[in-house]
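**Q** this one's sequence-less:
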């Protein structure tokens, strides 16, 4: 019987790609050739996945899956220290291949990007409110004009018949 590799308990956020879908995962433990993960969408046993954290990427096959947990067997040797200590810089650029982003990880936005997004959202809400107010005023004005002209137009119709 093959001896089990020594595992190091960790609790690291990472991203898992199975096929075209990306999911958030929590890496619970790591060894030189494997990982234990917890995720809301565990991949099926035997599928190949990619686990990404910062600039580190691990290709692995799902050895077992039960509930929201799964055990992964890495294709190559895993450096626990490098994977655990490598975090993506907030200003890091996404890897590009053929002009398109390769990975779909969540990156922290800078304060300027958050401010610009907030400003655009507030301008959209402001525009929608102004359009609604203008529509309400126009409908009210139309109703008032219609009421004001109803009697004179009725008299004109009566005189023409």
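**A** That came in fine, so what should we check first? All of these numbers come straight from a predicted model, not from anything done at the bench.
**Q** average pLDDT across the longest helix belonging to the chain?
**A** Longest helix of the chain, by residue count under DSSP state H: helix 111-160. The pLDDT scores in helix 111-160 average 93.
**Q** for that helix, packing partners?
**A** On a contact count with 3 or more C-beta pairs under 8 Å, 6 or more residues apart in numbering; DSSP states H and E, helix 111-160 meets no helix or strand. Just so you know, the C-beta spots here come from the backbone N, C-alpha and C atoms, and that holds for glycine as well.
**Q** distance from the chain centre to that helix, please.
**A** For helix 111-160, the separation from the chain centroid amounts to 36 Å (computed by C-alpha atoms, centre = their mean, to the nearest Å).
**Q** now stretch 11-21
**A** Using C-alpha atoms, centre = their mean, the offset of stretch 11-21 from its chain centre is 12 Å.
**Q** can you pull the buried residues of that stretch?
**A** By neighbour count with 16 or more other C-beta atoms under 10 Å, stretch 11-21 contains the buried residues 12, 14, 15, 16, 17, 18.
**Q** what's the closest of these to residue 59?
**A** Ranked by distance to residue 59 (C-beta to C-beta), the buried residues of stretch 11-21 are led by residue 17 at 9.8 Å.
**Q** please give the element, helix or strand, for the closest one.
**A** Following DSSP states H and E, the helix or strand that holds residue 17 is strand 8-18.
**Q** report the mean per-residue pLDDT for that strand.
**A** Strand 8-18 shows a mean pLDDT of 92.
**Q** swap in stretch 73-81?
**A** pLDDT averaged over stretch 73-81 gives 87.
**Q** return the distance of it from the chain's centre.
**A** Distance, stretch centre to chain centre, for stretch 73-81: 27 Å (C-alpha atoms, centre = their mean).
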